[in-house]
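Peer 1: sequence isn't available, so here's the structure alone:
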């Protein structure tokens, strides 16, 4: 049995940042490349976990793949290749119940964690504005701001989908957006930092990597988010 973690959330909620932190923590052993167009479609990490999608741009993950069928197919393809599990995220996938439920039904022998970031909508709006301004500055072009009302609507819809998944009996959990990388490491590895009791080991050689752990998550984490049952009240 493998663990499949689907990190969910709206634009600028911190999904790609959290997954990049996991990739940096373990390191990439291999890039998965599409056989026809040569584009990166995923990665195998040094801990034998697969990460789906491409992370060469600000907005990475499964939103770089061509649709839900491609995501489901890639999950199926990766499982026989790895000894660990699969980690994936994407805005569009976060909005849907049906495709998520169908993928879980297709792989009943595996454990799914549907993890939705609890990032406040105003934080997402501010981050997206900053991202658009930074992009315009890099490209020396006028700023193209996103539709704030549309983002708020998507944020609400993703939260409703999370509750629907939970009510349907799936393992749907809230994730503290301030400590998302550490929570992912807990689910992926489960090992603890010898100093503070939080996850912080380098899986490649089973040695403490406390300094880098604290570098990616900071020193302000607390015990609440570590628990697998640390859901907020629904």
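Peer 2: That came in fine, so what should we check first? Since we're looking at a predicted model, the values are computed, not measured. Residues are numbered from 1 along each chain as shown.

Peer 1: which parts of the chain are helices?
Peer 2: Chain-ordered helices for the chain, with DSSP state H as the definition, fall at 15-26, 68-78, 91-94, 98-106, 121-139, 148-167, 180-188, 210-217.

Peer 1: TSV for those, including mean neighbour count?
Peer 2: (Each C-beta comes from the backbone N, C-alpha and C, glycine too.) Putting those into TSV (neighbours: other Cβ atoms under 10 Å) gives the following:
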stretch	mean neighbour count
helix 15-26	22
helix 68-78	17
helix 91-94	22
helix 98-106	15
helix 121-139	14
helix 148-167	16
helix 180-188	23
helix 210-217	17
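
Peer 1: of those helices, which approaches residue 49 most closely?
Peer 2: Nearest to residue 49 among these is helix 180-188 (6.2 Å), distances taken as Cβ to Cβ.

Peer 1: residue 152 and residue 109, how far apart?
Peer 2: With distances taken as Cβ to Cβ, to the nearest Å, residue 152 is found 38 Å from residue 109.

Peer 1: nearest to residue 55, of the helices of the chain?
Peer 2: Distance to residue 55, taken as Cβ to Cβ, is lowest for helix 15-26 among these, at 5.9 Å.

Peer 1: roughly how far out does that closest one sit from the chain middle?
Peer 2: Distance of helix 15-26 from the chain centroid (Cα atoms, centre = their mean, to the nearest Å) equals 8 Å.

Peer 1: over to stretch 145-163?
Peer 2: In terms of Cα atoms, centre = their mean, the gap separating the centre of stretch 145-163 from the centre of its chain is 17 Å.

Peer 1: same question for stretch 40-49.
Peer 2: 14 Å.

Peer 1: so what would you say the end-to-end distance of it is?
Peer 2: End-to-end distance for stretch 40-49: 16 Å, by Cα to Cα, to the nearest Å.

Peer 1: try stretch 100-118
Peer 2: Terminal residues of stretch 100-118 are spaced 19 Å apart (Cα to Cα).

Peer 1: how far away from the center of its chain is it?
Peer 2: Relative to where its chain is centred, stretch 100-118 has its mean C-alpha point 13 Å off (Cα atoms, centre = their mean).

Peer 1: what residues does that stretch touch?
Peer 2: Residues outside stretch 100-118 that contact it (Cβ atoms under 8 Å, 6 or more residues apart in numbering) are 1-9, 13-15, 18, 71-72, 75-76, 79, 93-94, 158-159, 162, 165, 168, 170-177, 180, 183-184, 187, 232.

Peer 1: name the spans of the protein whose pLDDT lies under the cut-off.
Peer 2: When the per-residue scores of the chain are filtered using pLDDT under 70, the ranges that remain are 58, 190-234.

Peer 1: no further queries at this time; thank you.
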